[in-house]
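Visitor: Mind folding the following:
(one chain, ligands or ions: 1)
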Amino acid sequence: MSGDVGPADDATAGVAAADDTGDGDAADRPSAGGPLVAVRDLTVSFGDIEAVSGVDLTVERGTLVGLVGPNGAGKTTALRAITGALEADEGDVRLDGDPTSELSAREVARRVASVPQETGLSFDFPVRHVVEMGRTPYLGRFDGHDAEDAAAVDEAMAAAGVERFADRSITEVSGGERQRVLLARALAQETPTLLLDEPTASLDVNHAVATMELVRDIADDGRAAIAAIHDLDMAARYCDRIVVIAGGRVRADGPPADVLDAAAVRDAFDAEAFVGRNPATGTPAVTAFPRSEVDSRRVHVVGTGPDAARVVARLAAAGHETSLGVVPEGDAAAVAAADASARVVTVPPFAGVDDESLAAASELAADADVAVVVGGDGGYSDGTDPYRMDSCDRIAGAVERVVEVPSDVAGEDLLAAVADATA
Ligand SMILES: Nc1ncnc2c1ncn2[C@@H]1O[C@H](COP(=O)(O)OP(=O)(O)OP(=O)(O)O)[C@@H](O)[C@H]1O
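Guide: I've put the predicted structure just below:
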């Protein structure tokens, strides 16, 4: 039987009561050098609802782990079980080697700090006071804050960019500002591990990136962080590892480039996706589409440039086994095809279409249920795309069905055209 056993609300989760003192805190012992967080076979339920089932999660020092998954997947529940705010039905959570069940609230709060989704704070506390709560695990029963505490609070407020409204009430700041106050409170706690529940959800782009950079730096300093995060691109960009959780279970766990693919997105989120590469960061970029429920076909695409790239991406996301060609190496469509693991026939830039490449593309087309010819000029200055024009006749002869789509074809129209042609 589980339930809320931690502090009254998540606003103070992981922040121990000041009177929970005691000599020889395990938190003060030198670290054993193993993982900072080790979760084994964790199961947490709310009445009949099993929110988290048999979850394993290990987080080493120097690591930022992204917890991704659909609404209700169990991310928050898992994070709250790690802080001890929720009691597990089964399984074991260890912080820096020690089972949380054997640690006092104060010891837990010295090892892990959390940034919850909601503040849970309805009192009229000044922002600085809220950040000072992060120092609670270091205070003795009768202690006030000393210079060390004040320095930690100042540093945390500066890092989270909340000094400007330090004297304002927590009830009188915006949602995004409040989220940064909670980040500052967790930073002031100076723990080896940070847990963040949707840390960028209410933040503008500037503060979202600043927050992720900050968390990345914390991990690079040899600490560890787990962030539940809905923005898959942001997760891929900053996290060392992504753990995909759905239906309370871990579906995948590994480096972003290994874990974030179209199949994983379909499996966890029940959405179609094209996973490309962000040209600015080189990390996976996920574009989700609603489920189209089309039957999978072999589709060969003829065309070049961004329009053909878009066609390849949408077809691949819908689950069609796609091929492409002939296109010049480095063409936008060739890049999309590579990201979609589609077969592609390329020729060197400016080489033009030769007999050999045409034969190879025709072979791919012959193997397809349908060829899709993408209209438009592919960006060529004379208004004609030589690759498309040169490929078309030969490929049209190789494949039974050919559909021509305009360069600006909408995704649904494209999928409908393929479905109609192959019905
Ligand atoms: N206090 C509670 N009482 C009953 N059920 C709960 C409670 N908290 C969470 N749940 C249920 O447990 C499951 C997991 O919820 P959880 O909040 O962990 O999901 P999540 O992955 O964090 O979702 P989101 O992305 O929407 O924040 C859901 O089915 C949710 O409805």
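Visitor: in the sheet, who's paired with the closest residue to the ligand within the stretch 101-250 of the chain?
Guide: Residue of the stretch 101-250 of the chain nearest the ligand, by Cβ to the nearest ligand atom: Ala228 (6.1 Å). (Glycine included, C-beta is placed from N, CA and C.) For Ala228, the beta-bridge partners are Leu67, Asp197 (DSSP bridges).
Visitor: I'd say it and Arg80 touch.
Guide: No: counting by Cβ atoms under 8 Å, Ala228 does not reach Arg80; the two are 10.5 Å apart.
Visitor: what helices or strands is the helix or strand of the chain at the bottom of the mean pLDDT ranking leaning on?
Guide: Scoring the helices and strands of the chain by mean pLDDT, DSSP states H and E places helix 386-398 at the bottom, with a mean of 82. For helix 386-398, the packing partners by 3 or more Cβ pairs under 8 Å, 6 or more residues apart in numbering; DSSP states H and E come out as strand 298-302, strand 321-328, helix 355-366, strand 370-374.
Visitor: Give me the contact list for the third one.
Guide: Judged by Cβ atoms under 8 Å, 6 or more residues apart in numbering, the contacts made with helix 355-366 from elsewhere in the structure are 300, 302, 323, 325-326, 343, 345-347, 371, 390-391, 394-395, 397-399.
Visitor: Skip the chain neighbours and tell me the closest residue to Ala340.
Guide: The shortest distance from Ala340 to any non-neighbouring residue, by Cβ to Cβ, 6 or more residues apart in numbering, is to Ala316 (3.5 Å).
Visitor: Please verify my assumption that that neighbour contacts Val344.
Guide: No: with contact defined as Cβ under 8 Å, Ala316 and Val344 do not form a contacting pair (11.7 Å).
Visitor: coming back round to it: buried residues of the least confident helix or strand of the chain, list them for me.
Guide: Neighbour-count burial for helix 386-398, counted by 16 or more other Cβ atoms under 10 Å, picks out Pro386, Tyr387, Arg388, Asp390, Ser391, Cys392, Arg394, Ile395, Ala396, Ala398.
Visitor: Closest one of those residues to Thr58?
Guide: Closest to Thr58 out of the buried residues of helix 386-398 is Tyr387 (49.1 Å), distances taken as Cβ to Cβ.
Visitor: how near is the closest one to Ala368?
Guide: Distance, Tyr387 to Ala368, using Cβ to Cβ, to the nearest Å: 17 Å.
Visitor: Then Val173?
Guide: Distance from Val173 to Ala368, by Cβ to Cβ: 58 Å.
Visitor: And those two? Which one has more around it.
Guide: Just comparing Val173 and Ala368: by other Cβ atoms under 10 Å the higher neighbour count belongs to Ala368, 24 against 19.
Visitor: my guess is that one meets Ile395, correct?
Guide: No: Ala368 is beyond contact range of Ile395, at 9.3 Å (criterion: Cβ under 8 Å).
Visitor: what residues are shared contacts of the two?
Guide: His300.
Visitor: Could you list the low-confidence segments of the protein?
Guide: 1-32, 119-122, 140-142 (pLDDT under 70).
Visitor: interface residues of it facing the ligand?
Guide: Taking Cβ under 6 Å from any ligand atom as the measure of proximity, the chain contacts the ligand at Phe46, Ile49, Ala51, Gly69, Asn71, Gly72, Ala73, Gly74, Lys75, Thr76, Thr77.
Visitor: Not counting sequence-adjacent ones, nearest residue to the third one?
Guide: Looking back up the chat, that one is Ala51. Excluding its sequence neighbours, the residue lying closest to Ala51 (Cβ to Cβ, 6+ apart) is Thr77, at 4.1 Å.
Visitor: Helices of the stretch 51-200 of the chain, residue ranges please.
Guide: For the stretch 51-200 of the chain, helices defined by DSSP state H, counting those that start in this stretch occupy the ranges 75-83, 105-111, 127-132, 147-160, 175-188.
Visitor: can I get the ones you listed in JSON lines with mean neighbour count and distance to Pro35?
Guide: JSON lines is the format used below for these (neighbours: other Cβ atoms under 10 Å; distance: least, Cβ to Cβ, whole Å):
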{"stretch": "helix 75-83", "mean neighbour count": "26", "distance to Pro35": "12"}
{"stretch": "helix 105-111", "mean neighbour count": "24", "distance to Pro35": "12"}
{"stretch": "helix 127-132", "mean neighbour count": "23", "distance to Pro35": "29"}
{"stretch": "helix 147-160", "mean neighbour count": "17", "distance to Pro35": "25"}
{"stretch": "helix 175-188", "mean neighbour count": "25", "distance to Pro35": "20"}
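Visitor: quick one: which of the ones you listed is nearest Ala280?
Guide: helix 175-188 (23.7 Å).
Visitor: Could you tell me how far that closest one lies from the centre of the chain?
Guide: 21 Å (Cα atoms, centre = their mean, to the nearest Å).
Visitor: To what extent is Arg40 buried, counted in neighbours?
Guide: 15.
Visitor: Let me see the contact set for it.
Guide: Arg40 makes contact with Asp56, Gly91, Asp92, Val93, Arg94, according to Cβ under 8 Å, 6+ apart.
Visitor: between those, which has the most around it?
Guide: Using other Cβ under 10 Å as the neighbour criterion, Val93 leads the contacts of Arg40 with 24 neighbours.
Visitor: Okay, and the beta partners of it?
Guide: Assessed by DSSP bridges, Val93 has beta-bridge partners Val39.
Visitor: contacting residues for it?
Guide: Contacts of Val93 by Cβ under 8 Å, 6+ apart are Val37, Ala38, Val39, Arg40, Leu42, Ala81, Ile82, Gly84, Pro99, Thr100, Ser101.
Visitor: Mind picking the one among the residues you listed that's closest to the ligand?
Guide: Among those, Ala81 lies closest to the ligand (Cβ to the nearest ligand atom), at 9.4 Å.
Visitor: The closest one against Val44, yeah?
Guide: Yes: using Cβ under 8 Å, Ala81 is in contact with Val44, at 5.2 Å.
Visitor: Pull up the overlap in contacts between the two.
Guide: Shared contacts of Ala81 and Val44, defined by Cβ under 8 Å, 6+ apart, are found at Val52, Glu87, Ala88.
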